[in-house]
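In: Sequence first, predicted model second:
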Amino acid sequence: MNPGPPPARASACPDIGWEHFHHVADVGVRGIGSTPAEAFEQAALALTAVITEPAGVRPAARVDIECRAPELELLLVDWLNAIVFEMSTRRMLFGAFEVRIEGDRLAGQARGEPVEAARHQPAAEVKGATLSELRVRQDAHGCWRAQCVVDV
Amino acid sequence: MDPGRFERVNDTTWRIPPTGPMRVPAIIYGGESLLRDMDDKVGEQLVNVTTLPGIVRAAYAMPDAHWGYGFPIGGVAAFDAGDGGVISAGGVGFDISCGVRTHRTGLGRAEIERVQAPLADALFQHVPVGVGSTGRISLDPRGMDAMLAGGAAWALAEGYGDQRDLDYIEDHGQARDAEPEAVSERARQRQRREMGTLGSGNHYLEIQEIVEVLHPEAAATYGLRQGECVLTIHCGSRGLGHQIGTEFLREMAIAAPEFGIELPDRELACAPIRSPLGQRYIGAMRAAINCALANRQIIGQLARDVLRRFWPGIELPLLFDVSHNTCKLETHALEDGPREVWVHRKGATRSLGPRHATVPAAYRDTGQPVLIGGSMGTESWVLAGLEASESAAFSSACHGAGRCMSRTQARKRWGGRQVVDTLAAAGITVRSPSQRGVAEEAPGAYKDVAAVVEAAEQAGLAARVARLKPVVCIKG
């Protein structure tokens, strides 16, 4: 039996992706997805894009990340800060992310490679994700937007 | 911002009187055009600061203030522990004790020009710079504790620098009562290979020419002569400070309701000074201050090593080393007499006037050097602290030019190669591992620092002493 194309999810978001929003001194990162987890994955790409072009990072090695926070917004900050920590201590950049969220727990994977200054041209390290402009919300079109300002 | 929102006290002082939850007024220093150019968020954030418990006198914004997270960058606020006052991790920022350090070289511009390119190459190779770079020092747990307690004095004992350096570092190069045990394992892990690294973003090492002296007497005291060059380093507490900021911000944001603190913006996360959490943060923050002081002390010596290859025996005495992201316990004259208060300076420099007991003896009659970083193509400044800055803003002044354009906008407008070539045509040699980083730091992305320091002088925060122009710039 031919199962045909999968049915579209009722909450499918037409705008999946990431973007930077305006902040004069620092940078706002925003991920957009059909679920909070997908929005978190996209926000992580936005984080990488502050430093380098995400598509230029080879997913050669995998790092597992786990976080737990009393609310979804803090979970986003924890997730982004965990990536900052892994980038800093491993001297790596990450270009692909997977996230699962169950209750107050996040289990994620970041794939990337060691920093190569000549190839990656990393512009600035991110010092940390802040609580400024921090929001994780679903809009009327079913899209989840996960955002905050990061300090560079 | 619309100046109409403020009471105009004089040409450079603007005030929002306390209303609603504001406990004290908000005061912004700067000329009308600087004020107009400031984002509305500066006013909003400063008003938010005035609502925090225990704040005394006023919340202040310096002439270079810009939209930050929680506090505005260029924000100053003091809190009284006895009056329920708070300490705020967001009010110090992620790069704890980020600051500027300037050495005199005694070399004329012509002497630098003779070796400009090889000197730039040598500095770029010897000083670890940029994302992913590692320092030469790897700290074991015992070494880490000693560094976190000892600051620049630790670096000196490790062979970095000259004994006389300590006299010319704020607080003699050491935050006392630091608590290394309050620094998490993750923060230590981030620092293990980062001692003596410059970082990236707006951090730099520059050789700068003194192109103008505006206050000959103070310049003579500081040993600054027109036509000579200085070496300036701008960086902070690296990964350790960033991690401490991250962890305490989260902890304070979660704990605030337990303390009965209503935060208008969660980024203002704070805890009562007289609480175990507040005390733990103070101990960790002081350890991060020591990390920053040690880091700049090491980089200063790395720069000396390089210059000695070109000019054997050159001393590079330290003019001064001052931080601009801190919270310090200081005694200030309030209406009812002197009181100890916790002064947060986030993107603001301490600016102690003449006769202040903690100003180095050699500068006691002149005031503390206030080091202002500009952008790589324009200029930096040396100012002198003024006595009037005590009543104006708890002895504080501006810290830099401040961005007027986001990194994204700058990247769209300029290419890195283009910026490097334009600066080279102007006699400035730039070395950086990242063309994109250079584009984001393009001179045009920053405000006019000359207008900022002029306003600082008019407002009585600090007096202009000398204007510096970059000759060599090492960027992360």
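Out: Structure received.
In: Tell me how many other residues surround B:Arg164.
Out: 11 (other CB atoms under 10 Å in any protein chain shown). For the C-beta atoms, the positions are set from N, CA and C on the backbone; glycine is no exception.
In: Same question for B:Glu209.
Out: With other CB under 10 Å as criterion, B:Glu209 counts 22.
In: B:Ser351 now?
Out: 33.
In: and if you look at B:Leu198?
Out: 25.
In: Quick check on it: phi, psi?
Out: phi -80, psi -30 (degrees, to the nearest 10).
In: nearest spatial neighbour of it, skipping sequence neighbours?
Out: B:Val129 (4.4 Å; CB to CB, 6 or more residues apart in numbering or on different chains).
In: which residues in the stretch 151-300 of chain B form helices?
Out: B:152-157, B:185-191, B:216-222, B:238-255, B:276-310 (DSSP state H, counting those that start in this stretch).
In: Okay, buried residues for the lengthiest helix in chain A please.
Out: Using DSSP state H to define each element, chain A has its longest helix at helix A:72-90. Using 16 or more other CB atoms under 10 Å in any protein chain shown as the test for burial, helix A:72-90 gives A:72-90.
In: from the middle of its chain, how far away would that helix be?
Out: Mean-position distance between helix A:72-90 and its chain equals 9 Å (CA atoms, centre = their mean, to the nearest Å).
In: Likewise for stretch B:225-245?
Out: 8 Å.
In: go on, stretch B:62-76?
Out: Relative to where its chain is centred, stretch B:62-76 has its mean C-alpha point 12 Å off (CA atoms, centre = their mean).
In: what about that stretch, average pLDDT?
Out: For stretch B:62-76, mean pLDDT is 92.
In: Show the subsequent helix or strand relative to the longest helix of chain A.
Out: Next along the chain after helix A:72-90, taking DSSP states H and E as the criterion, comes strand A:92-102.
In: Within range of chain A, give me the residues from the stretch 151-300 of chain B.
Out: Residues of the stretch 151-300 of chain B lying close to chain A by CB under 8 Å from any CB of the partner chain are B:186, B:189-190, B:192, B:199-201, B:239, B:242-243, B:245-246, B:249-250, B:253-254, B:265-267, B:269.
In: The residue nearest to B:Leu198 and B:Val430, how far apart?
Out: 12 Å (CB to CB, to the nearest Å).
In: hey, what's in contact with both of these two?
Out: Taking CB atoms under 8 Å, 6 or more residues apart in numbering or on different chains as the contact rule, B:Val129 and B:Val430 both touch B:Lys475.
In: Assign a three-state SS to the closest residue to A:Leu134 other than its chain neighbours, would you?
Out: Once flanking residues are discounted, A:Leu134 sits nearest to A:Cys148: 4.2 Å by CB to CB, 6+ apart. The three-state assignment at A:Cys148 reads strand, by DSSP: H, G, I helix; E, B strand; the rest coil.
In: Bridge partners for A:Cys148, pull those for me.
Out: Note on A:Cys148: beta-bridge partners by DSSP bridges are A:Val29.
In: so who does B:Val213 touch?
Out: B:219, B:224-226, B:465-466.
In: if we take the residues you listed, which one ends up nearest to B:Gly30?
Out: Distance to B:Gly30 across the contacts of B:Val213 (CB to CB) is lowest for B:Val465, with 20.0 Å.
In: hang on, the closest one in a helix?
Out: No - secondary structure assignment places B:Val465 outside any helix; it is strand (three-state DSSP).
In: can you give me phi and psi for B:Thr102?
Out: Dihedral angles (degrees, to the nearest 10) for B:Thr102: phi -130, psi 130.
In: Just the CA trace of stretch B:395-411, in PDB.
Out: Provided in PDB are the C-alpha atoms of stretch B:395-411 (Å, rounded to 0.1, in the frame of the first residue of the first chain):
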ATOM      1  CA  SER B 395      33.400  59.100  41.000                       C
ATOM      2  CA  SER B 396      32.700  57.600  37.600                       C
ATOM      3  CA  ALA B 397      33.200  58.500  33.900                       C
ATOM      4  CA  CYS B 398      32.600  57.100  30.500                       C
ATOM      5  CA  HIS B 399      34.500  54.100  29.200                       C
ATOM      6  CA  GLY B 400      34.500  54.200  25.400                       C
ATOM      7  CA  ALA B 401      32.900  55.300  22.200                       C
ATOM      8  CA  GLY B 402      30.000  52.900  22.300                       C
ATOM      9  CA  ARG B 403      28.500  51.400  19.100                       C
ATOM     10  CA  CYS B 404      26.000  53.300  17.000                       C
ATOM     11  CA  MET B 405      25.500  50.400  14.500                       C
ATOM     12  CA  SER B 406      24.900  46.700  15.100                       C
ATOM     13  CA  ARG B 407      27.400  44.100  14.100                       C
ATOM     14  CA  THR B 408      25.000  42.900  11.400                       C
ATOM     15  CA  GLN B 409      24.600  46.400   9.900                       C
ATOM     16  CA  ALA B 410      28.300  46.900  10.000                       C
ATOM     17  CA  ARG B 411      29.000  43.600   8.200                       C
END
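In: Assign the residue in the stretch 101-250 of chain B that chain A sits nearest to to helix, strand or coil.
Out: Residue nearest to chain A within the stretch 101-250 of chain B: B:Gly132 (3.2 Å; CB to the nearest CB). Assigned with three-state DSSP, B:Gly132 falls in the coil class.
In: For it, give me its contacts.
Out: A:91, A:114-115, A:117, A:122.
In: Got a ChimeraX select line for the buried ones in these?
Out: With 16+ other CB under 10 Å as the criterion, this ChimeraX line picks the buried residues out of the contacts of B:Gly132:
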select /A:115,117,122
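In: Just give the closest residue to B:Gln279, not the sequence neighbours.
Out: With CB to CB, 6+ apart as the criterion, B:Gln279 has its nearest non-adjacent residue at 7.6 Å, and that residue is B:Ile273.
In: And the one you found, how far from chain A?
Out: 21 Å (CB to the nearest CB, to the nearest Å).
In: returning to that earlier point: among the contacts of B:Val213, who's most crowded?
Out: B:Val465 (28 neighbours).
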